[in-house]
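Student: Give the three-dimensional model of this entry:
(2 chains)
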Amino acid sequence: MTDDHDEIEELLAGYVLRSLSGADAAEADRLLSDHVPGCTTCRDTLDDLQRLTADLGLAATPVAPPETLLPRLHRELEPQAPRRRPLQLFAVAAGVVAVVGLAGLTVSQNIRANNADVRADSLANAAQLAALPDARARVARLCELNVAGQVRNVANTTVVRDAWARGQRLAVHGWIYDVADGLLKDLGLCLESPGGAGATPGPRGGQRRRR
Amino acid sequence: MRDGDRDDLELHRGLSAGDRGSFDALYRRYSSSAYGLAYRITGQQVLAQDVVHEAFLALWRAPEAFDPARGTFRTFFLSLVHHRAVDTVRREERIRSRQQRASNLEPVTVEDPAEGVTDAADLADRRTEVRAALDTLPPEQRQVLEMAYYGGKTQVQIAEEIDIPVGTVKTRTLAAMRKLRVILDRTTTPHDDPEVQ
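Tutor: Residues are numbered from 1 along each chain as shown, chains lettered A, B, ... in the order given. As a prediction, the model looks like this:
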């Protein structure tokens, strides 16, 4: 046990240099958890020592890293995980306009198979779809309706219902992208509670986001 | 607080909000210092690249690890680079000593990267001050400090290598650090900013 401040400073000096091992390292860990947090002198000493060691780093001759390093980093900079925001769930579908017939069939089958609400709305949807000018627009709209159905399905799962029941902040979003332009579009049908905002996107509603 | 430190705070705020432009600006400002330090410690360009790569990625993924109340961004980031470089050296030493036992390999030769980088003026100024302060240390104090900080060696390893008691390594290290603190605090005082305390 070390409580003498000179001895503590000696240990902290070794600690900031990362040169402690064995019993010294264990003693430094003990001090850092038990003593330093409550001791103004030691906290100041530690901050000073840390500033000093970082300055030692500056004394090394600077060398430009290879030019490949920044591009390599850029490839790995994924968008940062949302911080202090509710857990986000996404239902995303791709609209494959190139295979119109197949996509339309698959999507409408999914809607019938998976989603009672969409089935109930199918007359209204059919009328809306028929009003659209061409097959491409109809397929795109069908895909959006499918995403809306998936949002409702996700919101109906036990996992999500349980989370809402215990008061956890959780939101289900419906986003879609078209392989023709690769842009993510928020369909604006976020659900944040069992009876939350409706999961039917407005016709071509929402905003496009560049991926 | 120096202007450079204030700019760093601004850039760190941007980076924390996911702004890649701020990330690039911090990279431009610190990559040469970080790479020079990592290279001095690891002695190999490939390892130094990995260290700098990991450090910047860690900064992007967990920017909240930097607490402005505890010191400057420069202190935080160079400490991060130092820790990772020392960890890398120790890991490599373990691998190398296993390989040497197995096949008696020659030690890895130290490469020679191109040097001489134009740096941000405030960093260059501080570099000059720190080097001047190091030059004032008695050789036996400077030796243990450099073996620890740039060599990534533990106090026990240093004691064995230069054949002195571990207690002597500790007292010389502390004496060196105290002396540097006195000299360098004198040159930092005008820049201390009570707002950040």
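Student: elements contacting the worst-scoring helix or strand of chain B on mean pLDDT?
Tutor: Here the helix or strand of chain B ranked lowest by mean pLDDT, DSSP states H and E is helix B:73-103, holding a mean of 85. Here helix B:73-103 touches helix A:40-59, helix B:3-16, helix B:20-42, helix B:45-61, going by 3 or more CB pairs under 8 Å, 6 or more residues apart in numbering or on different chains; DSSP states H and E. Yep, even glycine has a C-beta here, placed from its N, CA and C like the rest.
Student: what helix or strand does residue A:185 sit in?
Tutor: strand A:184-186 (DSSP states H and E).
Student: Domain ranges for chain B, per the record?
Tutor: B:1-111, B:120-190 (automatic domain parsing).
Student: what pLDDT, on average, does the last one get?
Tutor: For domain B:120-190, the per-residue pLDDT values average out at 92.
Student: How much space separates residue A:160 from chain B?
Tutor: 26 Å (CB to the nearest CB, to the nearest Å).
Student: number of nearby residues for residue 7?
Tutor: No chain in the question, so chain A it is. Residue A:7 has 14 neighbouring residues, counting by other CB atoms under 10 Å in any protein chain shown.
Student: oops, chain B please
Tutor: Residue B:7 sits with 16 neighbouring residues when counted by other CB under 10 Å.
Student: Tell me, what's the model's pLDDT at it?
Tutor: At residue B:7, pLDDT is 89.
Student: Not counting residues beside it along the chain, what's closest to the spatially most central residue of chain B?
Tutor: In chain B, the centroid-proximal residue (CA atoms, centre = their mean) is residue B:82; its distance is 4.0 Å. Here the nearest residue to residue B:82 in space, its sequence neighbours aside, is residue A:57; by CB to CB, 6 or more residues apart in numbering or on different chains that works out to 5.4 Å.
Student: Next: residue B:76.
Tutor: In space, residue B:76 is closest to residue B:66, 4.5 Å off (CB to CB, 6+ apart).
Student: try residue A:18
Tutor: Nearest to residue A:18 is residue B:86, by CB to CB, 6+ apart, at 4.8 Å.
Student: which residues does the one you found contact?
Tutor: A:18, B:41, B:152 (CB atoms under 8 Å, 6 or more residues apart in numbering or on different chains).
Student: try it again with 10 Å
Tutor: A:17-19, B:38, B:41-42, B:51, B:148-154 (CB atoms under 10 Å, 6 or more residues apart in numbering or on different chains).
Student: now, which of those lie within strands?
Tutor: Counting by DSSP state E, the contacts of residue B:86 place none of their members in strands.
Student: From those residues, pick the one nearest residue A:173.
Tutor: residue B:51 (38.0 Å; CB to CB).
Student: thought the residue nearest to residue B:82 was touching residue B:35?
Tutor: No. Look at residue A:57 against residue B:35 with CB atoms under 10 Å: they stay out of range, at 11.3 Å.
Student: so what sits against both of these two?
Tutor: residue B:81.
Student: if we can go back for a sec, do the strand holding residue A:185 and chain B meet?
Tutor: No. Applying CB under 10 Å from any CB of the partner chain, one finds strand A:184-186 out of contact with chain B, separated by at least 15.7 Å.
Student: rewinding a little: which one of the contacts of residue B:86 sits in the busiest neighbourhood?
Tutor: So for the contacts of residue B:86 (other CB under 10 Å), the most neighbours sit at residue B:38, 32 neighbours.
Student: and it, what does it touch?
Tutor: A:57, A:60, A:63, A:65, B:44-45, B:47-55, B:81-82, B:84-86, B:88-89.
Student: out of these, which are buried?
Tutor: A:57, A:60, A:63, A:65, B:44-45, B:47-55, B:81-82, B:84-86, B:88-89 (16 or more other CB atoms under 10 Å in any protein chain shown).
Student: Kindly check the end-to-end length of stretch B:35-50 for me.
Tutor: From the first residue to the last, stretch B:35-50 extends over 10 Å; the measure is CA to CA, to the nearest Å.
Student: Residue B:170 contacts residue B:155, correct?
Tutor: Yes. When contacts are counted by CB under 10 Å, residue B:170 is listed as touching residue B:155 (6.1 Å).
Student: The helix or strand residue A:30 falls within - contacts with which helices or strands?
Tutor: Assigned by DSSP H and E, residue A:30 belongs to helix A:22-34. Identification of packing neighbours for helix A:22-34 by 3 or more CB pairs under 10 Å, 6 or more residues apart in numbering or on different chains; DSSP states H and E yields helix A:5-16, helix A:40-59, helix B:155-162, helix B:166-188.
Student: Go again with 8 Å.
Tutor: helix A:5-16.
Student: lowest confidence element among the helices and strands of chain A?
Tutor: Of chain A's SSEs (mean pLDDT, DSSP H and E), minimum confidence goes to helix A:100-114, a mean of 43.
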